[in-house]
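Trainee: What follows is a protein structure lacking sequence information:
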């Protein structure tokens, strides 16, 4: 029991100490920051047992903390990414001002996410949710006054989500007299239909904001792209998963108990599909890597939401596997962009190119992560998407198959754009001075890229814990139900014939060897990296050579009808309408006592006139 308290005490104490040391000694500040991230992670994985709980009361309400098999899955993401991104941050943020403030909010953000995973009651859940929101907001606006508008947008949407969650919590307490999540799930089938509909909708708004689900996504592109890249890796890779976590443990657990819940989950699945397509289209259109990855994150979260909405055991398995993979490859890519920005001063594809020789390790990490994002074997992204396709076909969601396949295929455009834009173009003289990023920035990227590869080859390392977590929520085990899963869980047995795989690998290597040997027998013309327009060939006069940076423009023209309809103007119009209402109210409150006396008289007269209608007198 004490260990759970100790973890949070270390987080809080470390946040305060890091902030204070930031004003005294930079080295001690950095050491304290890293220790505050690493020590709780070690204590959690070595000393905290699944099922261990702490019970206490606050204002007469019984509260409970404890970790479950299901929460443990998300703890992998939060603590793993939190520690690696923290190591990266020390080098990436070097030389910046007010780092004590940055590090302390970073720690509070990690602490809040762990608090959400520990919370077994709605009060603790909401308190930690608000700490997470405030700390992440302060990180979004950390760069200065230029990002205040972006920060306000994030804060407004977060506030709307928080108020929706609070309304759901208050409604739940009025109906059950308890704040325990288990009590809500148990009592939910006995609620009136109106309450059975209202509570999930309110919670979906709250969780949908954090998971950037359309149409609640408009804050994401600005916030992800303007927050420091050292934090955006956590912001996109881990914090967004708290919305997914909430959807599963509360909303899915509730609506699965009633017949009408099927339609509610269909809505969630289609919102996820729309999110995947919309995020992909906008990612393709970006020339700045930060915004490209921001919209790409929205799209990847859309795939996860599709799996949550479909809700079959295999779909849930796919969603959670993709959640883990998204933390790995998207965290790596945001770190890579941060490294490029630190070394070149820009993240625009039109300004910097040809960095493959200058930053080879960053390129390698980016390449592996892009392959994972695109869903190409042997990286882990393929496993997640394959399971999602299998689950959609198996549950007769054929239209969603088309939607997800379209989004996944279109994603190749921005994947290629990212790699070619930064690394594979010609080397420009102005970037001749560029060197590889510092080791503390490169090592976390390489570790996470290797993690994507390992989970692609041995997915059972994470699929087995995910399966255990889903069984805890009442889902049937997926092991042994599908022959495909025997491979994914590394239970080969005699169901899979390995010889064809082995022969294929040998054939590829033999072909490569023969190709290299044969090539050495013919005269080779060596060319510089600048000679890429013709791939080393000598163009002839009659050959029509065309170079175009915007190779994706025909695609964007084809999908323009889908992209011209945006939700942002609707929110802007609503905001202006509210501003007009508040301006009118402000004019009523003049500050003049005689005016207020007149209002009171008018109100009294109206009461006398309509007393029969109002009070039956």
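Mentor: Ah, there it is. Computed from a predicted structure; not experimentally measured. Numbering: from 1, shown residues only.

Trainee: use CA for all of it now, contacts and neighbours both
Mentor: Fine.

Trainee: wait, isn't residue 14 in contact with residue 36?
Mentor: Yes. Counting by Cα atoms under 8 Å, residue 14 does reach residue 36; the two are 5.3 Å apart.

Trainee: Need the overlap of contacts for those two.
Mentor: Shared contacts of residue 14 and residue 36, defined by Cα atoms under 8 Å, 6 or more residues apart in numbering, comprise residue 107.

Trainee: Report the separation between residue 285 and residue 405.
Mentor: Note on residue 285: its distance to residue 405, by Cα to Cα, to the nearest Å, is 19 Å.

Trainee: repeat for residue 62
Mentor: In terms of Cα to Cα, residue 62 sits 47 Å off from residue 405.

Trainee: try residue 103
Mentor: Applying Cα to Cα, the value for residue 103 to residue 405 is 40 Å.

Trainee: ok, now residue 287?
Mentor: Distance, residue 287 to residue 405, by Cα to Cα: 24 Å.

Trainee: Residues touching the helix or strand hosting residue 607, excluding its own?
Mentor: Under the criterion of DSSP states H and E, residue 607 resides in helix 593-609. Residues from elsewhere that reach helix 593-609 (Cα under 8 Å, 6+ apart): none.

Trainee: May I see the buried residues of that helix?
Mentor: By neighbour count with 16 or more other Cα atoms under 10 Å, helix 593-609 contains no buried residues.

Trainee: go on, stretch 23-33?
Mentor: Buried residues in stretch 23-33, counted by 16+ other Cα under 10 Å: 29, 30, 32, 33.

Trainee: per-residue confidence at the first one?
Mentor: At residue 29, the model reports a pLDDT of 90.

Trainee: swap in the last one?
Mentor: In the predicted model, residue 33 carries a pLDDT score of 92.

Trainee: likewise residue 14?
Mentor: Listed pLDDT for residue 14 reads 91.

Trainee: packing partners for the helix or strand where it lies?
Mentor: Using DSSP H and E, residue 14 sits in helix 2-21. Applying 3 or more Cα pairs under 8 Å, 6 or more residues apart in numbering; DSSP states H and E, one finds that helix 2-21 contacts helix 26-47, helix 99-118.

Trainee: closest one to residue 302 among the ones you listed?
Mentor: In terms of Cα to Cα, the element of the helices and strands packed on helix 2-21 nearest to residue 302 is helix 99-118, at 20.8 Å.

Trainee: what pLDDT does residue 485 get?
Mentor: 44.

Trainee: just to revisit the earlier point, dump the helices and strands packed on helix 2-21 to TSV, plus distance to residue 373.
Mentor: Formatted as TSV, those follow (distance: least, Cα to Cα, whole Å):
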stretch	distance to residue 373
helix 26-47	27
helix 99-118	24
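
Trainee: So which of those has the densest surroundings on average?
Mentor: helix 99-118 (a mean of 25; mean count of other Cα atoms under 10 Å).

Trainee: to the chain's geometric centre, what's the distance from the next helix or strand after that helix?
Mentor: Counting by DSSP H and E, the element after helix 99-118 in chain order, helix or strand, is helix 122-140. Remark: helix 122-140 is offset 16 Å from the chain centroid, using Cα atoms, centre = their mean, to the nearest Å.

Trainee: Tell me which residues of helix 122-140 come out buried.
Mentor: Applying a neighbour-count criterion of 16+ other Cα under 10 Å, one finds 122-126, 128-140 buried in helix 122-140.

Trainee: Compute the inter-axis angle for that helix and helix 99-118.
Mentor: Put simply, helix 122-140 runs at 150 degrees to helix 99-118, going by axes from the mean of the first three to the mean of the last three Cα atoms, to 10 degrees.
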